[in-house]
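In: Fold the following, please.
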Amino acid sequence: MRRLILRITVAALTFAFGVLITTTVNSLFNSEVTMPPQQFTVLESLQGPVGHDRDDYGDYAALWRLYDGYEDAQMRHDHAFFKRVEAENYVMFDSEGTRYTRDEDLRLLDSDPKTIKYKHSDLGFNIYGDAAVVTGRMTATDPDGSVESWKWVDVCLKRDGRWQIISTTQFDYDDRF
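Out: Okay, the predicted model is just below:
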């Protein structure tokens, strides 16, 4: 029994020493720096995180302004807006996995009647330096009252000081996730 306890003790000490040495060596010689994400979740309001004005947050505010104009631009079929906020190499994947380029996305937008009302909800922003992941839900309401809703994930990059959407993935409107 003593031998078993001695072996377990030696193994635990060896493991702890190995972790200590690895951590020390990595901190001295590893030049890779990881940046924790800045995470903000915004519910239905235009306010930033509780107790703060959204303009206090730099990149967060810039991304919020981009998405703040999205609904109206979609209803107006505003090509200039989308050419400004969607990167030239933008791709969209619908809930069935079909891939669309920016130009194809604009043609798809033009095929929708301008009478559809769009509304964002459940916006969430995760910022990783010059990259961001934005999540949300879009609801489209026809004049006849029929409603369609879906979740989406956008990947954004900051290029030349401004944010652009480089990809969108849409999911079924199902609430399971």
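
In: Stretch 96-114: which residues count as buried?
Out: For stretch 96-114, a neighbour-count test (16 or more other Cβ atoms under 10 Å) marks 100, 102, 105-106, 109 as buried. Using the backbone N, CA and C atoms, a C-beta is placed for each residue, glycine as well.

In: The helix or strand containing W64 packs against which elements?
Out: For W64, the element it lies in under DSSP states H and E is helix 59-68. Counting contacts by 3 or more Cβ pairs under 8 Å, 6 or more residues apart in numbering; DSSP states H and E, helix 59-68 packs against strand 38-41, strand 117-128, strand 131-141, strand 147-159, strand 162-171.

In: That helix relative to strand 117-128, how many degrees between them?
Out: Angle of helix 59-68 versus strand 117-128, following axes from the mean of the first three to the mean of the last three Cα atoms, to 10 degrees, is 160 degrees.

In: next helix or strand past helix 59-68?
Out: Assigned by DSSP H and E, the successor of helix 59-68 is helix 70-76.

In: Extract the C-alpha trace of that next one and format it as CSV.
Out: In CSV, the C-alpha atoms belonging to helix 70-76 read as follows (Å, rounded to 0.1, in the frame of the first residue of the first chain):
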residue,chain,number,x,y,z
TYR,A,70,-29.6,47.2,-42.3
GLU,A,71,-33.4,46.7,-42.0
ASP,A,72,-34.3,49.9,-43.8
ALA,A,73,-31.7,49.3,-46.5
GLN,A,74,-33.2,45.8,-47.0
MET,A,75,-36.7,47.2,-47.3
ARG,A,76,-35.6,49.9,-49.8
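
In: Past that helix, which element shows up next along the chain?
Out: According to DSSP H and E, the helix or strand after helix 70-76 is helix 79-85.
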